[in-house]
Every structure is written in structure tokens, then in C-alpha cells.
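Chemist: build the 3D model from these lines:
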Amino acid sequence: MENKPIKRSQHMVELSKDHHAGLLFSWKIKEGLKREIELSRIKEYVNYFWEHHLKLHFQEEEALLFNRIEGDALSQQGKNEHQMLQKHIGRLNHNENAEKDDYLQFAELLIKHIRFEERILLPHLEQTLPESALKSVEAYLTQQHPVPFKDNYADEFWIDKK
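Modeler: All right, here's what the predicted structure looks like:
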């Protein structure tokens, strides 16, 4: 089965750019694990990305999209997955014995969540929400994020420095 690029509504293209940043974040975690980087360094990066990008992204998706349709099962799934991912970050931070597999599981869960949003949830919302709501989402995102998120984390542990 061929993976064709998803044609995203212009109103939600900024969210797809954020999703790309999230996929790259997950890749960096996995690369760090492959390179057997100290987990404390990876944990610091996870916290940086959470505080500087992912937490706000989750809040915006929920406020702008997921909460607009009462009783929508797919939107509820999106919110549930956000909570699960946030709890996973909390466990990584509060478990001094967190292992490589815990970080790998987090990265894989985030990838799975992003794929769900891109392939199922956002297309569903594009079809379900009125055009006026989609335009307001676009206006908000354009105003609040005139420049896409730039991951400028200093410790680039995922790069081969040979």
C-alpha cells in the first residue's frame, strides 16, 4: 500500500507543520537511543520540547478543535491520547529508573498519535466543522504562530559527530 501525502486544509496546515516537528522530535529520541546516549540527556530534551512546544500544541488542539463538537468520539480519543502522553512524560521525569524502552515507548506512542491525528482526526474535523470555525482556527494559529516552531535545542545528541 502506497502512502500518499495527505492534502491538508489550508485552515489546519499549521497543525500539520507542528506534527512534522513532533515526528522529528520522536526520531531524535530514537536516534539518541540507538547511539546509546545517556538517558538524562534525552530526558532533558523531552522536557525542553514539552515545555517549548508540545504542551501548547496539545492545549491549542483541544481548545480550537477537539472541544467544538460535543460527544465526538474521535475528538475524545485525541484528548485521551494527549493525557496519556503527558502522563508518560511525568513518569519519565519521576522515575529515576526509567529505561531505554520507556523512552522508546514514548516516542512510538507520539508517532502513533500524530498519525491518528493526521490520517483520521483532522480529516474528520475538516469535514465536520463549519467553514467559519475552520477559518477561526487558521486566523488564531496565524496570529499566535507567525513563525513555525524552531527546535533550537543546544545538545544535538542525535547527530553523528564523527
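Chemist: is the closest residue to Ile37 other than its chain neighbours in a helix, a strand, or coil?
Modeler: Take Ile37 and drop its neighbours on the chain: the residue closest to it by C-beta to C-beta, 6 or more residues apart in numbering is Phe157, 4.5 Å away. Using the backbone N, CA and C atoms, a C-beta is placed for each residue, glycine as well. Recorded secondary structure, Phe157: coil (DSSP: H, G, I helix; E, B strand; the rest coil).
Chemist: so what's Phe157 up against?
Modeler: Residues near Phe157 by C-beta atoms under 8 Å, 6 or more residues apart in numbering: Lys28, Glu31, Gly32, Arg35, Ile37, Arg41, Ile42, Tyr45.
Chemist: wait, the third one sits on Trp158?
Modeler: Yes: under the criterion of C-beta atoms under 8 Å, Gly32 lies in contact with Trp158, with a separation of 5.3 Å.
Chemist: show me which of these two is the more surrounded one.
Modeler: Gly32 (24 against 20; other C-beta atoms under 10 Å).
Chemist: tell me which element the more buried one falls in.
Modeler: Here Gly32, judged by DSSP states H and E, is contained in helix 13-34.
Chemist: list the contacts of that helix.
Modeler: Residues outside helix 13-34 that contact it (C-beta under 8 Å, 6+ apart): 6, 8, 41-42, 45-46, 49, 53-54, 57, 61, 100, 103-104, 106-108, 110-111, 114, 117-118, 122, 138, 141-142, 145, 148-149, 151, 157-158.
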